[in-house]
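Asker: compute the structure for the input listed below.
(2 chains)
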Amino acid sequence: MAALSVLALLLLLACGGPRAAGQKRKEMVLSEKVSQLMEWTSKRSVIRMNGDKFRRLVKAPPRNYSVIVMFTALQPHRQCVVCKQADEEYQILANSWRYSSAFTNKIFFAMVDFDEGSDVFQMLNMNSAPTFINFPAKGKPKRGDTYELQVRGFAAEQLARWVADRTDVNIRVIRPPNYAGPLMLGLLLAVIGGLVYLRGSNLDFLYNKTGWAFAALCFVLAMTSGQMWNHIRGPPYAHKNPHTGQVSYIHGSSQAQFVAETHIVLLFNGGVTLGMVLLHEAATSDMDVGKRKIMCIAGIGLVVFFFSWLLSVFRSKYHGYPYSFLMS
Amino acid sequence: TILFLAWLAGFSSRLFAVIRFESIIHEFDPWFNYRSTHHLASHGFYEFLNWFDERAWYPLGRIVGGTVYPGLMVTAGLIHWILNMLNVTVHIRDVCVFLAPVFSGLTAISTFLLTRELWNQGAGLLAACFIAIVPGYISRSVAGSFDNEGIAIFALQFTYYLWVKSVKTGSVFWTICCCLSYFYMVSAWGGYVFIINLIPLHVFVLLLMQRYSRRVYIAYSTFYIVGLILSMQIPFVGFQPIRTSEHMAAAGVFALLQAYAFLQYLRDRLTKQEFQTLFFLGVSLAAGIVFLSHQPTTWVSFFFDLHILVCTFPAGLWFCIKNINDERVFVALYAISAVYFAGVMVRLMLTLTPVVCMLSAIAFSNVFERYLGDDMKRENPPIEDSSDEDDKRNPGNLYDKAGKVRKHVSEQEKTEEGLGPNIKNIVTMLMLMLLMMFAVHCTWVTSNAYSSPSVVLASYNHDGTRNILDDFREAYYWLRQNTDEHARVMSWWDYGYQIAGMANRTTLVDNNTWNNSHIALVGKAMSSNESAAYEIMRSLDVDYVLIIFGGVIGYSGDDINKFLWMVRIAEGEHPKDIRESDYFTPQGEFRVDKAGSPTLLNCLMYKMSYYRFGEMQLDFRTPPGFDRTRNAEIGNKDIKFKHLEEAFTSEHWLVRIYKVKQLDNRETLDHKLRVTNIVPKQKYLSKKVGSQ
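Answerer: Numbering: from 1, shown residues only, chains lettered A, B, ... in the order given. You can find the predicted model right below:
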């Protein structure tokens, strides 16, 4: 009997042992998780996750931390412009958090790319990107744990406000200082100062009409080839078709353009202008007749050739335009 | 003669819409301008200036006299009055429809005058022809587009012409004429700010280039003072010229000019040198980047609107700068500023168009001058250009034109040792072909892109026959004929002007969008459920509600597609009652089918759009209630109204009008009625019966 009870006790202990070990294992798992997350965060503020990591660290209990996850599709062939812009803002937010003084291990920032973790997308029944979801420490994400991108936009400050709403963790967004503006201004002032200093006594170079004409021409050509559009909308340089590998420099529709395209158009416009100027020079300058003839032919050739080319590019973008000149 | 032909060409190419449809005012804003002009013609000028419109923005009303640029209405009214005085009875509507084409001819003339001042007569004629048919200008001045830009570009060119003339001659007479023209421009368009910044900039650059002269001083001083006083006579402008930053440049340059003149008077050379360096730094620092990040322009838009002119006008600019004088400084500045603004905002392409026409004309005229012989005197350019003009009107007659040109060239006996007649002929012919292509392009663009009235929709079947959708006018005329004269119509603000113009009913909100809270109220009514919306409609005395629904024909500009904007605007003013997220599914999608958010499926806009639509089967392949615009089967097919009833639905269900019912005579009670015919289940038994 006593032996039996001792055996029973031993068994109980044995059962309790694993349980305790299990509990200890669970505890270890939690601290292990946290330490792993901290380690990853120290390397990169936004942790890239695949399906496996996601299930282990974000979905599986226990958790005493919340994870903000951005579901996105950053691969170029997905052509998700908003994803890139939102990703930048998200990085700013995560960096602000990581380098802030209030950094704790209560909240982590992660991201899942569609091409790396499509099973996660399927699991959460998600079919639009980018999406920001907060997985709280306790319970499942609710309605408000999905960030309303349409309403609030993806500015880092808005994201921070939402994070504060859901997790009570206040993050002060600090943007890396943008030196481009002041740098350009400084450069401009330096150039002008240099000019004034070096040529201060003799400002005659400003009277050089050719110089001014050339500068004005450059500006006008830049504007009419759509550089402002490029500056504001930021299109890619060219487009490489992923299936055939063919690079297209000209956008197929008339609503958008590539940077390469604008350079081509700039060249064509410049060509026509040069042709017109050559024609004029040919008729009025004092060089011998042969040279002038060549200049004249070159001029008219330039005008006609580049204009036809420009027209054909226009036709390729504006389907249904019926006219062409020399080349189709 | 050539100018008359240019006028005729410009006029005719703007008539596509009138020929294809009818003489009707297009778009939205022109309807308001038309209504104002109608009021002016019926009631007189002072009534118009003091007009308080109580049939718009009910119950607030709108002070029209103080919130419009009256130039357009006054011009149309004046023409109408003169014609009627001469006993030529023309309806005011026809005056309005054809005003823009007529003024395009005047623009051509003023462009001719301006270019002639800048270069020579040949270039002037070319410029006039260019601007008569260039698409960039046509887009805002077709027949039926009764809007400020139609007369403003004429005023712009004419003002610039008079300014250049006054700088050249230095006479006060021309400057006063310039001021009067500027006054007309201020009354016509808000774009007068461009003039009041370009002219001071011109003066400033002249100072920088040390081209100061007494003429400039006289011209600008007079212009600034008189122009300022005249511009403040327009009620809408009021005291803005001395308060807002856009006008400060003019004042600054005025002060600077006075200082400069004074210093010149004192002949203090050293100070001038210091000024120079100061100017440079000032100019470089004051290079404020105006970031109008609205709708930047792709190169395709430039080419579409300007064709070959956009390639050749830099050459014209080059020629101008190489042979610089006071007025060419002006046109160079105009070109550079206009091309920048057109690059950042596609709507400002209109201000670029005149200068592009002028500079291209200069470039072409330069080339033609050289290549058509050295004996080019005054009579030759006109003949040359008349052949151009004729050819532009008959684009198909290639052989005729070539014949004409050959005849002209062979007529002129040239004795210069030049490039030889063959090369010159070839060059001339090729240039003419390019110009012919330009003319053909302009006609094609005008016909296809810029001649749609937008009130009447046209679609083309497979066999090319045209299908006209006249639902809008059908509905507006129904309103006009079947509702009480003082009825109030609630709709989204896009249709306000058209309802006021065609249906002649009081509206709540219209395209002027000056009161956001009022618009938010309408948005809230559209987004709430029927009972809440009914309260708002009762408080605003609404009798009818008008919506646009495109689900039957697949029209994508309908109110359901605009619905989220209504919600957002309403949420801006009433964040506690309306939340945009309520209208999305939990996954964040906007859906009108069964999976859609219940708030959306029960809101007033949804119910009004899809009432009885659930019974309608458009196609045997799709289920009943299939929305062609959203490509989904609607979720809520069994719609019943408590406070509205359907009044009118147009032929293709595009416009739907609902009448708002009055309050019931009796309020329905909530509690149950008392029942008085209770039959007791048990008969009362006396206890006197003995028990066991």
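
Asker: what's the burial count for the residue of the stretch 1-150 of chain A at minimum distance from chain B?
Answerer: Relative to chain B, the nearest point of the stretch 1-150 of chain A is A:Glu148 (5.3 Å; CB to the nearest CB). All C-beta spots, glycine's among them, are computed from the backbone N, C-alpha and C. A:Glu148 has 17 neighbouring residues, counting by other CB atoms under 10 Å in any protein chain shown.

Asker: residues contacting it?
Answerer: Residues in contact with A:Glu148 (CB atoms under 8 Å, 6 or more residues apart in numbering or on different chains) are B:Glu580, B:Ser581, B:Gly588.

Asker: let me see the contact set for the second one.
Answerer: I take that to be B:Ser581. By CB under 8 Å, 6+ apart, B:Ser581 lies in contact with A:Arg143, A:Glu148, A:Val151.

Asker: the residues you listed into TSV, with extra columns for pLDDT, secondary structure and distance to B:Val346?
Answerer: Shown next, in TSV, are these (pLDDT from 0 to 100; DSSP: H, G, I helix; E, B strand; the rest coil; distance: CB to CB, whole Å):
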residue	pLDDT	secondary structure	distance to B:Val346
A:Arg143	77	helix	40
A:Glu148	78	coil	31
A:Val151	71	helix	28
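
Asker: which of those residues sits closest to A:Gly51?
Answerer: A:Arg143 (24.4 Å; CB to CB).

Asker: these two touch, right, that closest one and B:Pro586?
Answerer: Yes. Counting by CB atoms under 8 Å, A:Arg143 touches B:Pro586, with 6.4 Å between them.

Asker: the two: which is more packed in?
Answerer: More crowded of A:Arg143 and B:Pro586, by other CB under 10 Å: B:Pro586, with 12 against 8.

Asker: that one falls within a strand, correct?
Answerer: No. B:Pro586 is assigned coil when assessed by DSSP: H, G, I helix; E, B strand; the rest coil, not a strand.

Asker: show me which residues of the stretch 1-150 of chain A are close to chain B?
Answerer: The stretch 1-150 of chain A comes close to chain B at residues A:Asn125, A:Met126, A:Asn127, A:Ser128, A:Thr131, A:Arg143, A:Thr146, A:Glu148, A:Leu149, A:Gln150, as judged by CB under 8 Å from any CB of the partner chain.

Asker: in terms of helices and strands, where is the second one?
Answerer: Here A:Met126, judged by DSSP states H and E, is contained in no helix and no strand.

Asker: sec struct for whatever residue of chain A ends up closest to chain B, please.
Answerer: Nearest to chain B, among the residues of chain A, is A:Ala283, at 3.2 Å (CB to the nearest CB). Put simply, A:Ala283 is helix when judged by three-state DSSP.

Asker: count of neighbours near it?
Answerer: 22.

Asker: and for it, nearest residue in space, chain neighbours not counted?
Answerer: B:Arg370 (3.2 Å; CB to CB, 6 or more residues apart in numbering or on different chains).

Asker: same list (the contacts of A:Glu148) but as JSON lines, adding distance to A:Met70.
Answerer: Output for the contacts of A:Glu148, formatted as JSON lines (distance: CB to CB, whole Å):
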{"residue": "B:Glu580", "distance to A:Met70": "21"}
{"residue": "B:Ser581", "distance to A:Met70": "19"}
{"residue": "B:Gly588", "distance to A:Met70": "14"}
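
Asker: from those, which is closest to B:Tyr684?
Answerer: Distance to B:Tyr684, by CB to CB, is smallest for B:Ser581 among the contacts of A:Glu148, at 64.4 Å.

Asker: per the record, what domains does chain A have?
Answerer: With domains defined by the TED database, chain A comprises A:23-167, A:208-317.

Asker: can I get these in TSV including distance to B:Leu206?
Answerer: Below are these laid out as TSV (distance: least, CB to CB, whole Å):
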stretch	distance to B:Leu206
domain A:23-167	45
domain A:208-317	14
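
Asker: nearest to B:His202, out of these?
Answerer: Closest among the domains of chain A, once you apply CB to CB, is domain A:208-317, at 14.7 Å.

Asker: who's in contact with the closest residue to B:Asn504 other than its chain neighbours?
Answerer: Nearest residue to B:Asn504 in three dimensions, chain neighbours excluded: B:Arg480, at 5.6 Å (CB to CB, 6+ apart). Counting by CB under 8 Å, 6+ apart, B:Arg480 touches B:Met502, B:Ala503, B:Asn504, B:Arg505.

Asker: in three-state terms, label B:Arg480 for me.
Answerer: Classification of B:Arg480 by three-state DSSP places it in helix.

Asker: related to what we said a few turns ago, okay, who's weakest in the residues of the stretch 1-150 of chain A next to chain B by pLDDT?
Answerer: In terms of pLDDT, the lowest of the residues of the stretch 1-150 of chain A next to chain B is A:Gln150, showing 73.

Asker: give me every residue that touches it.
Answerer: Taking CB under 8 Å, 6+ apart as the contact definition, A:Gln150 lies against B:Glu580, B:Phe584, B:Gly588.

Asker: would you agree the first one is in contact with B:Glu571?
Answerer: This means B:Glu580. Yes. With contact defined as CB under 8 Å, B:Glu580 counts as touching B:Glu571 (5.5 Å).

Asker: distance of the residue nearest to A:Ala102 when sequence neighbours are not counted from A:Glu157?
Answerer: In this structure, A:Ala102 finds its nearest non-sequential neighbour in A:Asn170, 7.3 Å apart by CB to CB, 6+ apart. As for A:Asn170, its distance to A:Glu157 is 12 Å (criterion: CB to CB, to the nearest Å).

Asker: have a look at those two and say which one is more surrounded.
Answerer: Each of A:Asn170 and A:Glu157 has its neighbours counted (other CB under 10 Å); A:Glu157 has more, 17 against 12.

Asker: before we move on, what SS does the closest residue to that one other than its chain neighbours have?
Answerer: When the adjacent residues along the chain are set aside, A:Glu157 lies closest to A:Val173, with 5.2 Å between them (CB to CB, 6+ apart). State at A:Val173, reduced to three classes by three-state DSSP: coil.

Asker: quick one: contacts for A:Val173?
Answerer: A:Ile92, A:Leu93, A:Ser96, A:Ala156, A:Glu157, A:Ala160.

Asker: helix, strand or coil for the closest residue to A:Arg63 other than its chain neighbours?
Answerer: In space, and not counting its chain neighbours, A:Arg63 is closest to A:Ala137: 5.2 Å by CB to CB, 6+ apart. Following three-state DSSP, we place A:Ala137 in the coil state.

Asker: quick check: A:Ala137 touching A:Asn64?
Answerer: Yes. Look at A:Ala137 against A:Asn64 with CB under 8 Å: they come within range, at 5.3 Å.

Asker: shared neighbours of those two, which are they?
Answerer: Here A:Ala137 and A:Asn64 share the contacting residues A:Lys106, scored by CB under 8 Å, 6+ apart.

Asker: please report phi then psi for the residue lying closest to B:Pro296 once chain neighbours are set aside.
Answerer: In space, B:Pro296 comes closest to A:Trp229 once its chain neighbours are excluded; the distance is 4.1 Å by CB to CB, 6+ apart. The phi/psi pair for A:Trp229 (degrees, to the nearest 10) reads phi -60, psi -40.

Asker: count of neighbours near A:Trp229?
Answerer: Residues near A:Trp229, counting by other CB under 10 Å: 24.

Asker: how does chain B divide up, domain by domain?
Answerer: Per the record's domain assignment (the TED database), chain B is made up of the domains B:148-267, B:471-660.

Asker: picking up where we left off before, am I right that the residue nearest to A:Ala283 is in a helix?
Answerer: Yes. With three-state DSSP as the criterion, B:Arg370 is assigned to a helix.

Asker: for it, what are its contacts?
Answerer: Going by CB under 8 Å, 6+ apart, B:Arg370 touches A:Leu279, A:His280, A:Ala283, A:Thr284.
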